[in-house]
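K.L.:
Give the three-dimensional model of this entry:
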Amino acid sequence: MRKIKFRAWDEESKIMFDIARFDLADYTVYPHLFASGFIGERLKIMQYTGVDDVKGTPIYEGDILKMGITMSYYRRGIVEFENGYFTFTEMWQKGLLIECEEKPDPLNYYYEPEVLGNRYENPEMLKEVKE
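P.N.:
Numbers count the residues shown, from 1 in each chain. This next block holds a predicted model:
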(Lines give C-alpha, C1' and ligand atoms only; values in the text may rest on other atoms or scores of the structure.)
Protein backbone atom coordinates (compact mmCIF):
# COMPACT_ATOMS: atom_id res chain seq x y z
CA MET A 1 0.00 0.00 0.00
CA ARG A 2 1.39 3.41 -1.04
CA LYS A 3 1.94 6.01 1.65
CA ILE A 4 0.07 9.26 0.97
CA LYS A 5 2.09 12.33 1.90
CA PHE A 6 2.71 15.82 0.59
CA ARG A 7 5.27 18.58 0.75
CA ALA A 8 5.00 22.26 -0.14
CA TRP A 9 7.19 25.05 -1.49
CA ASP A 10 6.54 28.55 -0.21
CA GLU A 11 7.82 30.92 -2.89
CA GLU A 12 7.67 33.94 -0.60
CA SER A 13 9.88 32.56 2.17
CA LYS A 14 11.77 30.15 -0.15
CA ILE A 15 11.30 27.11 2.09
CA MET A 16 10.27 23.53 1.38
CA PHE A 17 8.45 21.63 4.11
CA ASP A 18 6.61 18.37 4.70
CA ILE A 19 2.89 18.86 5.24
CA ALA A 20 1.51 17.52 8.51
CA ARG A 21 -2.09 18.59 7.91
CA PHE A 22 -4.44 20.58 5.69
CA ASP A 23 -7.18 22.80 7.10
CA LEU A 24 -9.72 22.98 4.31
CA ALA A 25 -11.95 25.43 6.20
CA ASP A 26 -9.46 28.30 5.92
CA TYR A 27 -7.11 26.99 3.17
CA THR A 28 -4.17 26.67 5.56
CA VAL A 29 -1.35 24.13 5.37
CA TYR A 30 0.65 23.17 8.47
CA PRO A 31 4.24 21.86 8.56
CA HIS A 32 3.80 20.47 12.10
CA LEU A 33 0.71 19.58 14.09
CA PHE A 34 1.11 22.49 16.50
CA ALA A 35 2.82 25.09 14.32
CA SER A 36 1.53 28.19 12.61
CA GLY A 37 0.35 27.54 9.09
CA PHE A 38 0.85 28.83 5.58
CA ILE A 39 -1.88 30.10 3.29
CA GLY A 40 -2.38 27.29 0.80
CA GLU A 41 -3.07 29.53 -2.19
CA ARG A 42 0.55 30.73 -2.37
CA LEU A 43 2.11 27.28 -2.06
CA LYS A 44 3.17 24.72 -4.64
CA ILE A 45 1.87 21.41 -3.26
CA MET A 46 3.65 18.20 -4.36
CA GLN A 47 2.58 14.60 -3.78
CA TYR A 48 4.86 11.71 -2.87
CA THR A 49 5.13 9.13 -5.68
CA GLY A 50 5.22 6.20 -3.28
CA VAL A 51 8.81 5.38 -4.25
CA ASP A 52 12.15 6.27 -2.67
CA ASP A 53 15.38 6.70 -4.60
CA VAL A 54 18.47 4.48 -4.25
CA LYS A 55 19.56 6.44 -1.16
CA GLY A 56 16.15 6.21 0.53
CA THR A 57 15.08 9.77 -0.33
CA PRO A 58 11.32 10.02 -1.04
CA ILE A 59 10.54 11.03 -4.65
CA TYR A 60 7.95 13.82 -5.09
CA GLU A 61 6.45 15.69 -8.01
CA GLY A 62 8.89 18.36 -9.17
CA ASP A 63 11.97 16.33 -8.27
CA ILE A 64 14.85 16.20 -10.73
CA LEU A 65 16.06 12.62 -11.10
CA LYS A 66 19.02 10.78 -12.50
CA MET A 67 17.93 7.33 -13.70
CA GLY A 68 20.90 5.06 -14.44
CA ILE A 69 21.03 2.09 -16.75
CA THR A 70 24.76 1.44 -16.30
CA MET A 71 27.54 3.26 -14.44
CA SER A 72 28.28 5.36 -17.53
CA TYR A 73 24.79 5.85 -19.02
CA TYR A 74 21.89 7.59 -17.32
CA ARG A 75 18.96 9.84 -18.06
CA ARG A 76 18.02 13.02 -16.25
CA GLY A 77 14.51 14.34 -16.02
CA ILE A 78 11.74 15.73 -13.91
CA VAL A 79 8.84 14.00 -12.14
CA GLU A 80 5.38 15.33 -12.92
CA PHE A 81 1.83 14.16 -12.32
CA GLU A 82 -0.04 13.87 -15.60
CA ASN A 83 -3.21 12.09 -16.71
CA GLY A 84 -3.62 10.27 -13.40
CA TYR A 85 -0.08 8.95 -12.95
CA PHE A 86 3.45 10.12 -12.23
CA THR A 87 5.63 10.67 -15.28
CA PHE A 88 9.34 11.05 -15.92
CA THR A 89 10.10 13.61 -18.60
CA GLU A 90 13.65 13.36 -19.87
CA MET A 91 15.25 16.75 -20.27
CA TRP A 92 18.89 17.27 -21.05
CA GLN A 93 21.52 19.16 -22.92
CA LYS A 94 25.15 19.45 -21.87
CA GLY A 95 24.25 17.68 -18.63
CA LEU A 96 21.58 20.20 -17.61
CA LEU A 97 17.82 19.93 -17.68
CA ILE A 98 16.59 22.45 -20.19
CA GLU A 99 14.57 20.93 -23.02
CA CYS A 100 12.23 18.01 -23.37
CA GLU A 101 13.68 15.34 -25.62
CA GLU A 102 10.74 12.95 -25.63
CA LYS A 103 7.16 12.60 -24.47
CA PRO A 104 6.66 11.92 -20.75
CA ASP A 105 6.93 8.26 -19.78
CA PRO A 106 5.36 6.63 -16.76
CA LEU A 107 7.85 6.87 -13.91
CA ASN A 108 9.91 3.74 -14.43
CA TYR A 109 11.61 2.43 -11.30
CA TYR A 110 13.82 -0.01 -13.21
CA TYR A 111 16.52 2.63 -13.65
CA GLU A 112 17.32 3.06 -9.93
CA PRO A 113 16.32 6.74 -9.63
CA GLU A 114 18.44 9.21 -7.65
CA VAL A 115 17.05 12.58 -6.55
CA LEU A 116 19.40 15.37 -7.66
CA GLY A 117 17.22 18.26 -6.46
CA ASN A 118 13.88 19.80 -7.32
CA ARG A 119 12.55 22.51 -9.60
CA TYR A 120 11.91 24.98 -6.76
CA GLU A 121 15.04 24.81 -4.61
CA ASN A 122 17.35 24.14 -7.58
CA PRO A 123 15.97 26.19 -10.51
CA GLU A 124 19.49 26.56 -11.91
CA MET A 125 19.30 22.89 -12.95
CA LEU A 126 16.59 23.85 -15.43
CA LYS A 127 18.43 26.76 -17.06
CA GLU A 128 20.48 26.69 -20.23
CA VAL A 129 24.23 27.09 -19.95
CA LYS A 130 25.57 29.96 -22.06
CA GLU A 131 28.98 29.34 -23.57
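K.L.:
Quick check: end-to-end length of stretch 10-22?
P.N.:
Using CA to CA, to the nearest Å, the end-to-end distance of stretch 10-22 comes to 15 Å.
K.L.:
got a list of contacts for that stretch?
P.N.:
By CB atoms under 8 Å, 6 or more residues apart in numbering, the list of residues contacting stretch 10-22 from outside reads 5-9, 28-33, 35, 38, 40, 42-45, 118, 120-121. The way it works is simple: take the backbone N, C-alpha and C, and place the C-beta from them, glycine included.
K.L.:
Give me the buried subset of those residues.
P.N.:
Among the contacts of stretch 10-22, those buried by neighbour count (16 or more other CB atoms under 10 Å) are 6-9, 28-31, 38, 40, 43, 118, 120.
K.L.:
among these, which two are most distant?
P.N.:
Using CB to CB, these span at most 22.9 Å, a distance reached by 28 and 118.
K.L.:
returning to what we had before: which one of the buried ones among the contacts of stretch 10-22 is nearest to residue 74?
P.N.:
Of all the buried ones among the contacts of stretch 10-22, residue 74 sits closest to residue 118, with 17.9 Å by CB to CB.
K.L.:
my guess is the closest one contacts residue 62, does it?
P.N.:
Yes. At 4.9 Å, residue 118 counts as touching residue 62 under the criterion of CB atoms under 8 Å.
K.L.:
Find residues that contact each of the two.
P.N.:
Taking CB under 8 Å, 6+ apart as the criterion, residue 118 and residue 62 both touch 9, 46.
K.L.:
what's near enough to touch residue 115?
P.N.:
So residue 115 contacts 53, 55, 57, 59, 63, 64, 65 (CB under 8 Å, 6+ apart).
K.L.:
Could you pick out which of those are located in strands?
P.N.:
Assignment to strands by DSSP state E places the following of these there: 59, 63, 64, 65.
K.L.:
May I ask which two of these are separated the most?
P.N.:
Using CB to CB, these reach their maximum pairwise distance at 59 and 64, which is 10.3 Å.
K.L.:
Any chance you could list residues touching both of these two?
P.N.:
Both residue 59 and residue 64 are in contact with 79, 115, where contact means CB under 8 Å, 6+ apart.
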